[in-house]
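> Sequence first, then the predicted structure, then my questions.
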Amino acid sequence: MHYENRVEGHIGQAWSRWFGDLRVEELDDGSTRLHGSLPDQAALHGLLNKIRDLGMTLLSVQRLSEV
């Protein structure tokens, strides 16, 4: 499944390694979009835990159509 997760603030490209194969994009509204394919719900929960552990504010989680 493909997911788009948005967090508050610009986290910088240096953090992109923490998020594996997900693409990290800083948006004009001041948020950061993390998006890409995750194999299952366990991987999604792992990502959400990582966001929490890094002290980031989660703005949204959206499952996208397969691309």
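Cool, the structure landed. Numbering: from 1, shown residues only.
> Flag the shaky bits of this protein, pLDDT-wise.
When the per-residue scores of the chain are filtered using pLDDT under 70, the ranges that remain are 66-67.
> So Glu25 is in contact with Arg33, correct?
Yes: between Glu25 and Arg33 a contact is recorded at 4.6 Å, counting by Cβ atoms under 8 Å. Heads up, the C-betas are built off the backbone N, CA and C, glycines and all.
> neighbour-wise, which of the two wins?
More crowded of Glu25 and Arg33, by other Cβ atoms under 10 Å: Arg33, with 18 against 15.
> so which helix or strand takes in that one?
In this assignment (DSSP states H and E), Arg33 forms part of strand 31-37.
> Need the residues that contact the helix or strand just after that strand.
Later in the chain than strand 31-37, the nearest helix or strand by DSSP H and E is helix 41-53. Contacts of helix 41-53 from elsewhere in the structure, counted by Cβ atoms under 8 Å, 6 or more residues apart in numbering, are 1, 3, 5, 7, 18-19, 22, 34, 38, 58, 61.
> next one: stretch 55-67
1-9, 11, 31, 35, 44, 48, 51-52.
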